[in-house]
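Enquirer: Got a sequence here, can you build the structure:
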Amino acid sequence: MKPPPYASSLQRTGYYVFLLFCGLVFLFLVLPIIAIVPISFTSGTFLTYPLPGLSLRWYEDFISSTMWRLAMKNSFIVAISTTVLATFLGTLAALGLTRAKFPLKGLVMAMLISPMIVPVVITAVGVYFFFARLGLTNTLSGLVLAHTVLAVPFVVITVTSSLQGFDITLTRAAASLGANPVTVFFKVTLPLILPGLISGALFAFATSFDEVVVALFLAGPAQRTLPRQMFSGIRENIGPTITAVATLLIIISVLLMVAMELLRRRSERLRGIAGK
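Expert: Modelled structure (predicted):
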């Protein structure tokens, strides 16, 4: 957003100073992450600058390593399963909280989003002791359930936000024309809240794919995910292979952010069309 043409020179100066400040903050946050990327292409065996040369040997090491391949496989299995389960449960919860009126509704909402507020290590300890009695530790299913607990709040918030701007008269009109509730949901409600639902699903995927604390408590050697394998590598044998994996994770994160931004713009367009 540019300053208006009638703005004074002092206002224009303040605007550009503000832009400069925002740019410096952005660089402060991003540069440490970007610094990892060049090291992943080093030909040396140490994490040092300047680079002795360029090579793809650490990406080849990642692809050829049985441990890294297993960690990648586990991460995608757990993240995709968590995304499906969290999206389903979170959407149902958001629909119930938005449309139903009952006592202590705010308390229920607070309980649903509490995993976002409570420190992850506390959640991990509680989940570990609870799942240990059920025999779900050292299993992918236990890891999926634990990650679902962490991911559901993101789906609830994004879908609830989409439903706040939803025109309820559209569903009433469909019902008055003889459509049953299931048809109304899939033909009217779902298409309009779909951008928010997909955004929540992407948040759920990112939450699971990037989670390490719960994985440290619940996952055994056969259930190691990429973040858990990276954590172990940093403690035991740090090398440029970790930077290659980190670069791949950065690329995935950037793609998710781009997808969420596109969905946000589409959601705004749909709301504008529905509001006319």
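
Enquirer: Flag the shaky bits of the stretch 151-276 of the chain, pLDDT-wise.
Expert: Scanning the stretch 151-276 of the chain for pLDDT under 70 picks out 166-167, 236-237, 267-276.

Enquirer: go with 80
Expert: Within the stretch 151-276 of the chain, the ranges that satisfy pLDDT under 80 run 162-193, 195, 220-221, 232-240, 260-261, 263-276.

Enquirer: Helices of that one, start to end?
Expert: Counting by DSSP state H, counting those that start in this stretch, the stretch 151-276 of the chain has these helices, from start to end: 168-176, 181-184, 190-209, 213-218, 226-236, 240-275.

Enquirer: The ones you listed: which one's closest to Gly90?
Expert: helix 190-209 (6.0 Å; CB to CB). Backbone N, C-alpha and C define where each C-beta goes, glycine included.

Enquirer: how about the closest one: buried residues?
Expert: Applying a neighbour-count criterion of 16 or more other CB atoms under 10 Å, one finds 192-209 buried in helix 190-209.

Enquirer: what's the answer for stretch 156-169, then?
Expert: Per 16+ other CB under 10 Å, stretch 156-169 contains these buried residues: 156-163, 166.

Enquirer: repeat for stretch 37-52
Expert: 39-42.

Enquirer: starting at the chain centroid, how far to it?
Expert: 29 Å (CA atoms, centre = their mean, to the nearest Å).

Enquirer: Next: stretch 221-241.
Expert: That offset, for stretch 221-241, works out to 21 Å (CA atoms, centre = their mean).

Enquirer: do the same with stretch 111-131
Expert: Using CA atoms, centre = their mean, the offset of stretch 111-131 from its chain centre is 17 Å.

Enquirer: repeat for stretch 143-151
Expert: Centroid displacement of stretch 143-151 relative to its chain, using CA atoms, centre = their mean, is 12 Å.

Enquirer: Give me the contacts around that stretch.
Expert: 78-79, 81-83, 85-86, 89-90, 115-116, 120, 123-124, 127, 131, 136, 203-205, 207-208, 211, 214-215, 218-219, 223, 225 (CB atoms under 8 Å, 6 or more residues apart in numbering).

Enquirer: Counting neighbours, which bits of that stretch end up buried?
Expert: Of the residues in stretch 143-151, those buried (16+ other CB under 10 Å) are 143-151.

Enquirer: Tabulate the residues you listed in a markdown table, adding columns for secondary structure and distance to Ala175.
Expert: Shown next, in a markdown table, are the buried residues of stretch 143-151 (DSSP: H, G, I helix; E, B strand; the rest coil; distance: CB to CB, whole Å):
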| residue | secondary structure | distance to Ala175 |
| --- | --- | --- |
| Leu143 | helix | 41 |
| Val144 | helix | 36 |
| Leu145 | helix | 36 |
| Ala146 | helix | 39 |
| His147 | helix | 37 |
| Thr148 | helix | 32 |
| Val149 | helix | 34 |
| Leu150 | helix | 36 |
| Ala151 | helix | 32 |
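
Enquirer: between those residues, which is closest to Leu104?
Expert: Val149 (20.7 Å).

Enquirer: among the helices of the stretch 151-276 of the chain, which is nearest Tyr49?
Expert: helix 240-275 (12.0 Å).

Enquirer: Ramachandran angles for Met116?
Expert: phi -80, psi -20 (degrees, to the nearest 10).

Enquirer: who's in contact with it?
Expert: Here Met116 is in contact with 150, 153-154 (CB under 8 Å, 6+ apart).

Enquirer: quick check, nearest of the residues you listed to Leu24?
Expert: Closest to Leu24, out of all of those and judged by CB to CB, is Phe154, at 29.7 Å.
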